[in-house]
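> Provided below for reference: sequence and predicted model.
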Amino acid sequence: MKGIRTIADLRDFMRHNKRPIYFVSVSPFNLMGMDEWVANFKYICYVDPFDGRHPNVFAPSKIPDFKPKSIEDITNHLLQHPEVIDYITRRGGRPAAVFLMFDEKTEEICKELGIEIWHPPAKLRHHCDNKIETVRIGNKAGVRSVPNTLGPARTYEELLTSARKAGIGADLVVQTAFGDSGQTTYYIGSEDDYNLHAAKIAAENEVKIMKRIKCRSATMEACTTTSGTLVGPLMTEIVGNPELTHHKGGWAGNEIFADAFPQKVRAEARNMVQRLGNQLRKEGYRGYFDVDFLIDENNEVYLGELNPRISGASSLTNHAPFAYADAPLFLFHLMEFSDIAYDIDVEDLNDRWACNESIEPWLQVMIKQTEKLNEIVTHAPATGIYRMAADNSVSYDRFACQWEEIESEEEAFFLCLAGPGDSLYLGAYFGVLLMRGRAMNDEAELNERTRNWVGGIKRIYASKPLTEIQGDEATEPVR
């Protein structure tokens, strides 16, 4: 093939791909289904939700003493695992890898193994992931953030002084540069609020101090290429729902449906993302990225966060109707980093993907442990498709590798992330529930159907206190 000019060219190129491409991460979740579009695409995972039944998922045996502190730790652990090295070596070819998270150590390991990383450098990703830097990148691109000021807030008085100078009042939101927004976003309306988080806020040389607004959260994924920035659909974010997460601002899933936001809001968000993508290109970044928005009561759209990577919303983006009509957004990321020349009509694709016909209602919720426990899972629901009966009870129906196999709103796909033997603690993931339809009502609360599904899945789980498990092990006869 001389180059990629059309969607047909792209699909043909990916289906005849000879180069081994690996997604190395905790689980296959973020890029589920990509192996159906790209030949020789494999998942190397720490957790195998499919218990060995998925033909393209490889999970090495667990090493008992390994205790990861981050996703980067898991990525590096996998790449250094003897079984993974053997798996990649046996498959041969010139391996390429994509990740959810990686760091400079990952780059060193991949260089030693002869694996090409198909992402911008870790240092650049880290720079763009900085919430403070996001404001500056947005300003360069002409993309506005919620009224804010940047600077230190070592005391409550210093915080108020900065806020007053910026004219943003005293009801504030403070964010530190890095970290999960649910854990590094602080709502400060009084000195007592500040004192609750003083140690973390005062430790930073610079924080983002924002005016607090009443808003909805939304997200949009995109891919910046030499032909321009391709933009996916605008999705509602599920944030802070107590049934799913114990963090007030914690992300807990997404839903996508055509009427979530007025056409004007969707158009403005698309325009903002395209401008951000073009600015990122100037900063040296290329490929896939995600943008979070805050949309206030007057439908004013503000830049929230920039995630220079695949995200938790990638699964919905890459399974939207436009993906089947044309190609998943992530294929354009792979195209950007492959060796082939391309010149695609980005404007035509963006116009087509913006149509309501390219959007149908789907949702995903991340089910976490929301109570303080110290237990071990003894029984877990298998990955697959479940059905809900008239009495709202949930039961396993059939095995499936892909959630598009759901046939109605009475079915759901559950991706199990916590299996027997796994720890169950505050914040631990049970898994991901994917369904057709809506997750929330107009007040951004989980609707009754979603709550019933979440409760039904949780009731299938069984666990024992860690002390009880240890006691059982202690009394087990030696064989």
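Alright, I've got the coordinates.
> domains in the chain, by residue range?
7-118, 147-211, 215-358, 362-468 (automatic domain parsing).
> can you show me the helices along the stretch 101-250 of the chain?
In the stretch 101-250 of the chain, the helices defined using DSSP state H, counting those that start in this stretch lie at 104-113, 122-129, 131-141, 156-166, 181-184, 191-202.
> quick revisit: which one of the domains of the chain is the most hemmed in?
Among the domains of the chain, ranked by average contacts under mean count of other C-beta atoms under 10 Å, first place goes to domain 215-358 (a mean of 20). From N, CA and C alone the C-beta is placed, and that goes for glycine too.
> that one: end-to-end distance?
Taking C-alpha to C-alpha, to the nearest Å as the measure, domain 215-358 stretches 26 Å from start to finish.
> also stretch 307-314?
End-to-end for stretch 307-314, by C-alpha to C-alpha: 12 Å.
> now residue 43: closest residue in space, sequence neighbours ignored.
Nearest residue to residue 43, sequence neighbours excluded (C-beta to C-beta, 6 or more residues apart in numbering): residue 28, at 4.2 Å.
> for the one you found, grab phi and psi.
Note on residue 28: its backbone torsions stand at phi -80, psi 0 [degrees, to the nearest 10].
> I'd say residue 149 and residue 172 touch.
No: Residue 149 is beyond contact range of residue 172, at 9.9 Å (criterion: C-beta atoms under 8 Å).
> pull up the overlap in contacts between the two.
Common contact partners of residue 149 and residue 172 (C-beta atoms under 8 Å, 6 or more residues apart in numbering): 163, 209.
> quick one: the strands in the stretch 151-300 of the chain?
Listed in chain order, the strands of the stretch 151-300 of the chain (DSSP state E, counting those that start in this stretch) span 172-175, 185-188, 207-211, 215-225, 228-239, 251-256, 287-296.
> now render the ones you listed as TSV, adding mean pLDDT and distance to residue 43.
Listed next are these as TSV, based on pLDDT from 0 to 100; distance: least, C-beta to C-beta, whole Å:
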stretch	mean pLDDT	distance to residue 43
strand 172-175	93	33
strand 185-188	91	31
strand 207-211	94	35
strand 215-225	95	20
strand 228-239	93	22
strand 251-256	91	21
strand 287-296	96	17
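> need these in CSV (columns: distance to residue 423).
Formatted as CSV, the strands of the stretch 151-300 of the chain follow (distance: least, C-beta to C-beta, whole Å):
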stretch, distance to residue 423
strand 172-175, 29
strand 185-188, 26
strand 207-211, 33
strand 215-225, 29
strand 228-239, 24
strand 251-256, 20
strand 287-296, 29
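> determine which of these approaches residue 50 most closely.
Smallest distance to residue 50 across these (C-beta to C-beta): 20.9 Å, for strand 251-256.
> tell me how far the closest one lies from the chain's centre.
Relative to its chain's centre, strand 251-256 lies at 10 Å (C-alpha atoms, centre = their mean, to the nearest Å).
> and if you look at stretch 272-280?
Using C-alpha atoms, centre = their mean, the offset of stretch 272-280 from its chain centre is 20 Å.
> contacts for it next, please.
So stretch 272-280 is contacted by 128, 137-138, 140-143, 220, 222-224, 228-229, 231, 286, 289, 291, 293, 301, 303, 306, 308, 350 (C-beta under 8 Å, 6+ apart).
> what do you get for stretch 261-270?
So stretch 261-270 is contacted by 218, 220, 231, 234, 236, 291, 293, 295, 299, 301, 350, 354 (C-beta under 8 Å, 6+ apart).
> who are the contact partners of the second one?
Just to be clear, that refers to residue 220. Residue 220 touches 231-235, 269-270, 273, 290-291, 293, counting by C-beta under 8 Å, 6+ apart.
> from those residues, which single one is nearest residue 381?
residue 235 (25.8 Å).
> next one: the closest one from residue 94, what distance?
Residue 235 sits 35 Å away from residue 94, going by C-beta to C-beta, to the nearest Å.
> same thing with residue 239?
41 Å.
> before we move on, the earlier item: what's the closest of the domains of the chain to residue 132?
domain 147-211 (5.0 Å).
> tell me which residue is most central in this structure.
For the chain, residue 312 is the residue whose C-alpha lies nearest the centre (C-alpha atoms, centre = their mean; 1.5 Å).
> quick one: end-to-end length of stretch 58-75, please.
OK, stretch 58-75 end separation, C-alpha to C-alpha: 14 Å.
> helices along the stretch 251-400 of the chain, start to end?
Going by DSSP H, counting those that start in this stretch, the stretch 251-400 of the chain shows helices at 263-282, 314-317, 321-325, 329-337, 346-353.
> for residue 392, find the nearest of those helices.
Here helix 314-317 is closest among these (C-beta to C-beta), at 24.9 Å.
> what is that closest one packed up against?
On a contact count with 3 or more C-beta pairs under 8 Å, 6 or more residues apart in numbering; DSSP states H and E, helix 314-317 meets strand 228-239, strand 362-368.
> touching stretch 151-163 from outside, list them.
149, 169-170, 172, 174, 188, 191, 194-195, 198, 201-202, 204-207, 209.
> redo that, cut-off 7 Å
Identification of contacts with stretch 151-163 by C-beta atoms under 7 Å, 6 or more residues apart in numbering yields 149, 169-170, 172, 174, 188, 191, 194, 201-202, 205-207, 209.
> using CSV, write out every CA atom in it.
Output of stretch 151-163 as CSV, limited to C-alpha atoms (Å, rounded to 0.1, in the frame of the first residue of the first chain):
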residue,chain,number,x,y,z
GLY,A,151,-0.1,30.1,42.5
PRO,A,152,0.7,28.8,46.0
ALA,A,153,-1.8,28.4,48.8
ARG,A,154,0.3,27.6,51.8
THR,A,155,-2.2,29.1,54.1
TYR,A,156,-5.9,29.9,54.0
GLU,A,157,-5.2,33.6,54.0
GLU,A,158,-2.9,33.2,51.0
LEU,A,159,-5.6,31.2,49.2
LEU,A,160,-8.2,34.0,49.8
THR,A,161,-5.8,36.7,48.8
SER,A,162,-5.1,35.1,45.5
ALA,A,163,-8.8,34.4,44.9
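> for it, the distance to its chain's centre please.
32 Å.
> let's test this: mean pLDDT of that stretch, rounded?
Stretch 151-163 carries an average pLDDT of 95.
> also stretch 368-387?
Rounded mean pLDDT across stretch 368-387 is 94.
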